[in-house]
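K.L.:
The sequence and its predicted three-dimensional model are supplied below.
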Amino acid sequence: MHTTMIDRDEAIALLSGQIPAEGLMREAASLRDEGHGRTVTYSRKVFVPITTMCRDTCSYCTFVQPPGAGGQYLSPDDVLAIVKAGDEMDCTEALLTLGDKPEVKWHQARSFLAQHGCETTIDYVVQMSELIRSESRLFPHANPGIMTADDIVRLRPTNVSMGLMLENISDRLTEPGMPHHNCPDKVPAVRVETITEAGVHKVPFTSGILVGIGETIGEVVDSLFSLADLQRGHGHIQEFIIQNFRAKADTRMRFSPEPAIPYFVRVVALARVILGAEANVQVPPNLTEDFSIYLDAGINDWGGVSPLTIDWVNPEAPWPALDKLEAVTNAAGFTLMPRLPVYPEFIDSTWIDEDLFPHVVDRVTDAGYAVLPNGAGTP
Ligand code: SF4
């Protein structure tokens, strides 16, 4: 297990610019090369917004709408239409992203769920995951918000991996006037509990931080060390997403400054140094114009990229075309390889449900990369 050689004070000094960042960048890139060579991965996905209703009201979120303003659930037919179109385009991931527990807040949500024989949104996610597995070749990766141990156990037979962003470890962001005020699912301890339960139940898990939502530099550093601690516990965090906040026109944070790119690049490099050579570190390529800069900061993954559906969480930011993603990656001296939602090193019967495992093996190369009809490694 990687032991970080950097302490909190040094990390804060690096992020605040008191120490020049050149050494940090070199170390981050060198750790990435040590752990992953010159291979950068992505997952060919479709985005399936199971519901755009939520009980929370994060002040930067544009994904969620109340029922009267368009908030709704996708019907089983809607879900099938998306995944079948994705299947035809050789996508391998069905990313199930949704608001958290809308049934607690909205009678329209309870009514939709009852019509489909469900009490909770998680029941419906289980049902839709089973539908996707039975009707397509895609592998679900559920991001349904807070999950109990029982929720995780029920999703595991159909989901090769799951995810929940930590976002930030600071309770301060839930105080009045802060972005997570009145958002019960954004209480850090509750999120830590879900991430931990995923480890207990052997689920390859995706987590990460959101940078620029009003946190201090110290809180960014503490969040990265918290993720490292969680990983030390169960070794199940297959991917660490480092995501930059983008201000959206129709949100309460529309005038909030976005993190400056040079600062955010240092956060990414620091994440690599704290999380270690073997960690899979990802930055979404659609939230920065010149996204190749993150390759210099030690990332080894671009996350899910869709040739078909929009990024519902950042609808103003289209994903780069896959040929552009490959060209940019190659130009920086790397090879782009497709992966499933589950990373190659987690394709193992201890990490994947025993009935699902053979289907996963069928769709990957010996090295664990996704097999695409036009050859692995080419979009
Ligand atoms: S919990 Fe997620 S979906 Fe709900 S308001 Fe917050 S960011 Fe949006």
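P.N.:
Okay, I see it.
K.L.:
Write out the residues of the protein neighbouring the ligand.
P.N.:
Within the chain, the positions lying close to the ligand (CB under 6 Å from any ligand atom) are 54, 56, 57, 58, 61, 63, 64, 99, 100, 183, 185. All C-beta atoms are positioned from the backbone trio N, CA, C, and that covers glycine.
K.L.:
could you redo the last one with a cut-off of 5 Å?
P.N.:
Contact residues, the chain versus the ligand (CB under 5 Å from any ligand atom): 54, 56, 58, 61, 64, 99, 100.
K.L.:
want to throw the residues you listed into CSV with distance to residue 153?
P.N.:
Converted to CSV, the residues of the chain next to the ligand look like this (distance: CB to CB, whole Å):
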residue, distance to residue 153
54, 24
56, 24
58, 28
61, 28
64, 27
99, 22
100, 19
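K.L.:
Which parts of the stretch 1-150 of the chain are helices?
P.N.:
8-15, 22-36, 76-88, 107-115, 121-135, 149-155 (DSSP state H, counting those that start in this stretch).
K.L.:
Make a markdown table from the ones you listed and add mean neighbour count, distance to residue 42 and mean pLDDT to it.
P.N.:
Below are these laid out as a markdown table (neighbours: other CB atoms under 10 Å; distance: least, CB to CB, whole Å; pLDDT from 0 to 100):
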| stretch | mean neighbour count | distance to residue 42 | mean pLDDT |
| --- | --- | --- | --- |
| helix 8-15 | 18 | 27 | 96 |
| helix 22-36 | 18 | 13 | 97 |
| helix 76-88 | 17 | 15 | 96 |
| helix 107-115 | 16 | 33 | 98 |
| helix 121-135 | 21 | 20 | 98 |
| helix 149-155 | 18 | 23 | 98 |
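K.L.:
And for stretch 345-360, what's in contact with it?
P.N.:
Contacting residues not belonging to stretch 345-360 are listed as 133, 139, 156-158, 160-161, 202-204, 236, 238, 278, 340, 342, 361, 364, 368 [CB atoms under 8 Å, 6 or more residues apart in numbering].
K.L.:
of the residues you listed, buried ones?
P.N.:
Among those, the ones that count as buried by 16 or more other CB atoms under 10 Å are 133, 139, 156, 158, 160-161, 202-204, 236, 238, 340, 342, 364, 368.
K.L.:
Which one of those is nearest to residue 146?
P.N.:
Taking CB to CB as the measure, residue 203 is the one of these closest to residue 146, at 14.4 Å.
K.L.:
gap between that closest one and the ligand?
P.N.:
From residue 203 across to the ligand, the span is 20 Å (CB to the nearest ligand atom, to the nearest Å).
K.L.:
Do I have it right that that residue meets residue 154?
P.N.:
No - counting by CB atoms under 8 Å, residue 203 sits too far from residue 154 to count as a contact (11.6 Å).
K.L.:
so what sits against both of the two?
P.N.:
Joint contacts of residue 203 and residue 154 (CB under 8 Å, 6+ apart) do not exist.
K.L.:
you'd agree residue 27 is up against residue 274?
P.N.:
No - assessed by CB under 8 Å, residue 27 is found out of contact with residue 274, at 10.9 Å.
K.L.:
quick one on the thing from earlier: can you name the two of the buried ones among the contacts of stretch 345-360 that are farthest apart?
P.N.:
133 and 236, at 21.5 Å, using CB to CB across the buried ones among the contacts of stretch 345-360.
K.L.:
ok, and the closest non-adjacent residue to the residue in the stretch 201-350 of the chain positioned nearest to the ligand?
P.N.:
Proximity of the stretch 201-350 of the chain to the ligand (CB to the nearest ligand atom) peaks at residue 313, 7.7 Å away. Spatial nearest neighbour of residue 313, excluding adjacent residues (CB to CB, 6 or more residues apart in numbering): residue 63 at 5.1 Å.
K.L.:
Contacts only, for that neighbour.
P.N.:
Per CB under 8 Å, 6+ apart, neighbours of residue 63: 49, 52, 54, 97, 99, 312, 313.
K.L.:
what's it sitting at in phi/psi?
P.N.:
phi -70, psi -40 (degrees, to the nearest 10).
K.L.:
Please shift the residue numbers so they start at 140 in all later answers.
P.N.:
Noted, 140 is the first residue going forward, which turns the last one into residue 202.
K.L.:
Just the strands from the protein, written as ranges.
P.N.:
Taking DSSP state E as the test, the strands found in the chain are 178-188, 232-236, 278-282, 300-302, 344-350, 376-383, 420-421, 440-444, 474-478.
K.L.:
would JSON lines of the ones you listed with mean pLDDT and distance to residue 362 be doable?
P.N.:
What follows is these, written out as JSON lines (pLDDT from 0 to 100; distance: least, CB to CB, whole Å):
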{"stretch": "strand 178-188", "mean pLDDT": "96", "distance to residue 362": "24"}
{"stretch": "strand 232-236", "mean pLDDT": "97", "distance to residue 362": "21"}
{"stretch": "strand 278-282", "mean pLDDT": "98", "distance to residue 362": "18"}
{"stretch": "strand 300-302", "mean pLDDT": "98", "distance to residue 362": "16"}
{"stretch": "strand 344-350", "mean pLDDT": "98", "distance to residue 362": "5"}
{"stretch": "strand 376-383", "mean pLDDT": "97", "distance to residue 362": "10"}
{"stretch": "strand 420-421", "mean pLDDT": "98", "distance to residue 362": "14"}
{"stretch": "strand 440-444", "mean pLDDT": "95", "distance to residue 362": "19"}
{"stretch": "strand 474-478", "mean pLDDT": "97", "distance to residue 362": "25"}
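K.L.:
Out of the ones you listed, flag the one nearest residue 262.
P.N.:
Comparing the strands of the chain by CB to CB, strand 278-282 comes nearest, at 12.5 Å.
K.L.:
Parallel or antiparallel, list what pairs with the closest one.
P.N.:
Neighbouring strands of strand 278-282 in its sheet, by DSSP bridges, are strand 232-236 (parallel), strand 300-302 (parallel).
K.L.:
now the angle between strand 440-444 and that strand, please.
P.N.:
100 degrees (axes from the mean of the first three to the mean of the last three CA atoms, to 10 degrees).
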